[in-house]
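> Model the following, please.
(chains A, B and C)
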Amino acid sequence: MAYTLQQLSDFHDIQTLKHRYFRAIDTADMALLSTLFTDDITVDYRSDGYRVQLAGHANMMEFLASSFNSDSLAMHHGHMPDIQLTGDTTATGIWYLEDIFIDLKSRNHCIGTAIYKDRYRKVANSWKIAHTEYDRVIELNQPLDDNITVTSHYLAKHGLKPEERKDISHLIQWKAG
Amino acid sequence: MAYTLQQLSDFHDIQTLKHRYFRAIDTADMALLSTLFTDDITVDYRSDGYRVQLAGHANMMEFLASSFNSDSLAMHHGHMPDIQLTGDTTATGIWYLEDIFIDLKSRNHCIGTAIYKDRYRKVANSWKIAHTEYDRVIELNQPLDDNITVTSHYLAKHGLKPEERKDISHLIQWKAG
Amino acid sequence: MAYTLQQLSDFHDIQTLKHRYFRAIDTADMALLSTLFTDDITVDYRSDGYRVQLAGHANMMEFLASSFNSDSLAMHHGHMPDIQLTGDTTATGIWYLEDIFIDLKSRNHCIGTAIYKDRYRKVANSWKIAHTEYDRVIELNQPLDDNITVTSHYLAKHGLKPEERKDISHLIQWKAG
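Numbering: from 1, shown residues only, chains lettered A, B, ... in the order given. Sure thing, here's the model as predicted:
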């Protein structure tokens, strides 16, 4: 009928974990990001336009640093968690994403939503993301409107500059448009 | 001063209930939706452009299935719950919605927000939505921009096709534009 | 390892406090707003386009009432809390904002995001916002599209009319565009 203190604490900490993930990718907070994943994290992001598949902490960090770079205007907001505790140190979570992603180089303006299905693992008393995947619900792309003026852009200063980025094309499969 | 384990558990479960509702309508997950409402659910959605009023589990399911159909691009994100426990098996909740709704047939593109006021009831140990109503805060409509390319559309596959939809016009009152 | 009932209750109440703040500003619910701040609240909002700095409950109320007025279409959604309890009656919180702000007089349409860093204090058993600041992550401005029809606008009725507003220009510093 009622959850235990430990269960309620786990719900809280898992939610905060994912909250930090979204905040950290949009602000290129690599120090925070590096604390959020298990060493063997696996990723599978499925859009009708692309698929991202990768494994391992180093690949995840490289993917995120180079994706959310100084040319990116990014908002990733994860909402409405549905967490299941599956053991003392394991849990699953469903989240519903809203994202805005503008690439100032290609001037593409994407808005979309997706359903995440995650697995979490408690490592040395801290919850980590062990697996994350999503399927797009909607995705709309358009050229960035010439009438739009960018008046704040945090990643311009804090994201990786072109010469600092790594080639992550092996992690992304683009689909025919 | 402090809530009990039961109260904290109720807060958690009521929030997850509503989270599932929003996820399920946008993905036409009728099996999940059917578990979320009391048999005597009542609904009253008030926009300056329309009003939806209905009662009963069957009408709610029919309304949702036919509204979020294969021509709909829909995002319904409910945020910032303000839950009050009013008894062992009753509660109220206020939520703040952001929604995007694009009808590919009429090519109308609506974005809006609304304040929900819900009542919940615990039935056989599970919280259900017993009453839900909202008032719009903002609502903006425009023709879908020709520059927008739809690159993911989950409901195109999972929503009801035109011939499968029921006539729900008796549940919706449109107001003069 | 596990939080106490009091800690979990504090997390819950602080989140509800901030939820009420966002709901109340967009609906000009001044009665609710007046309960949410300490007497000595301090504010610092930093965009690349403006900076808002103020102190004290009266200035905060005046700023909010005159900013979210009858010409404003406003959505302020605060997400993904990251709350730290720093004492029995003190806490900090990080939130991630998404906002839409349309000024129907100037016909400016702003969308943006920001990271809030708040401090909370428990006063007579109720959590209050004692300090709030944000930095913009993204901010985009454009003229309101002529194709947009406003079909619901809550603040038109409930926000301050031009003659009721106070001059708040001393609280806002606009930066060169």
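
> mind checking how far the residue nearest to A:Asn59 when sequence neighbours are not counted is from A:Asp135?
Closest residue to A:Asn59 apart from its sequence neighbours, by Cβ to Cβ, 6 or more residues apart in numbering or on different chains: A:Leu171 at 6.7 Å. From N, CA and C alone the C-beta is placed, and that goes for glycine too. Distance, A:Leu171 to A:Asp135, by Cβ to Cβ, to the nearest Å: 18 Å.

> Who has more neighbours out of those two?
In terms of neighbours (other Cβ atoms under 10 Å in any protein chain shown), A:Leu171 is the more surrounded of A:Leu171 and A:Asp135; the figures are 20 against 16.

> tell me the phi and psi of A:Gly87?
phi 180, psi -180 (degrees, to the nearest 10).

> before we move on, back to that, surely the residue nearest to A:Asn59 and A:Arg51 touch.
No. Counting by Cβ atoms under 8 Å, A:Leu171 sits too far from A:Arg51 to count as a contact (9.7 Å).

> Pull up the pairing partners for the longest strand along chain A, direction included.
Ranked by residue count under DSSP state E, the longest strand found in chain A is strand A:126-143. Here strand A:126-143 is paired, per DSSP bridges, with strand A:37-46 (parallel), strand A:108-123 (antiparallel), strand B:149-153 (antiparallel).

> May I have that strand as CSV, with CA atoms only?
Provided in CSV are the C-alpha atoms of strand A:126-143 (Å, rounded to 0.1, in the frame of the first residue of the first chain):
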residue,chain,number,x,y,z
SER,A,126,24.5,6.6,-6.3
TRP,A,127,22.0,5.9,-9.0
LYS,A,128,23.4,6.0,-12.6
ILE,A,129,21.9,5.7,-16.0
ALA,A,130,22.7,2.2,-17.3
HIS,A,131,20.6,2.2,-20.5
THR,A,132,18.6,4.8,-22.3
GLU,A,133,16.6,4.6,-25.4
TYR,A,134,13.8,6.6,-27.0
ASP,A,135,11.3,6.6,-29.8
ARG,A,136,10.2,9.8,-31.4
VAL,A,137,6.5,10.7,-31.0
ILE,A,138,6.7,13.8,-33.2
GLU,A,139,9.5,15.5,-35.0
LEU,A,140,9.2,18.6,-37.1
ASN,A,141,12.1,20.2,-39.1
GLN,A,142,12.2,23.6,-40.8
PRO,A,143,14.8,26.2,-41.9
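
> quick revisit: quick one, which of the strands paired with strand A:126-143 gets closest to A:Asp167.
Taking Cβ to Cβ, strand A:37-46 is the member of the strands paired with strand A:126-143 nearest to A:Asp167, at 17.4 Å.

> neighbours around A:Lys161, how many?
Neighbours of A:Lys161 (other Cβ under 10 Å): 11.

> State the helix or strand in which A:Ile14 lies.
Here A:Ile14, judged by DSSP states H and E, is contained in helix A:5-26.

> Could you tell me how far the closest residue in space to A:Gln84 that isn't next to it in sequence is located from A:His79?
Nearest non-adjacent residue to A:Gln84, counting by Cβ to Cβ, 6+ apart: A:Thr92, 4.8 Å away. Between A:Thr92 and A:His79 the computed distance is 17 Å (Cβ to Cβ).

> residues of the longest strand of chain A that come out buried?
Buried positions in strand A:126-143, judged by neighbour count with 16 or more other Cβ atoms under 10 Å in any protein chain shown: A:127-141.

> Now do that strand against helix B:5-26: the angle between them, please.
Per axes from the mean of the first three to the mean of the last three Cα atoms, to 10 degrees, the angle that strand A:126-143 makes with helix B:5-26 is 30 degrees.

> Now do the contacts for the residue most central in space within chain A.
With distances taken as Cα atoms, centre = their mean, the residue of chain A nearest its centroid is A:Phe22 (5.7 Å). Applying Cβ atoms under 8 Å, 6 or more residues apart in numbering or on different chains to A:Phe22 gives the contacts A:His76, A:His77, A:Gly78, C:Met80, C:Tyr96.

> how far does the helix or strand of chain A with the lowest mean pLDDT sit from the chain's center?
Lowest by mean pLDDT, DSSP states H and E among the helices and strands of chain A is strand A:172-174, with a mean of 93. Relative to its chain's centre, strand A:172-174 lies at 16 Å (Cα atoms, centre = their mean, to the nearest Å).

> Run through who's touching it.
Contacts to strand A:172-174, defined as Cβ under 8 Å, 6+ apart, come from residues A:Gly49, A:Tyr50, A:Arg51, A:Val52, A:Gln53.

> Of the residues you listed, which count as buried by neighbour count?
Neighbour counting by 16+ other Cβ under 10 Å classes A:Gly49, A:Val52 among the contacts of strand A:172-174 as buried.

> among the contacts of strand A:172-174, which two are most distant?
A:Gly49 and A:Gln53 (14.7 Å).

> quick one, what contacts A:His79?
In this structure, A:His79 makes contact with A:Trp95, A:Tyr96, A:Leu97, A:Glu98, B:His19, B:His77, B:Gly78, B:His79, C:His79, judged by Cβ under 8 Å, 6+ apart.
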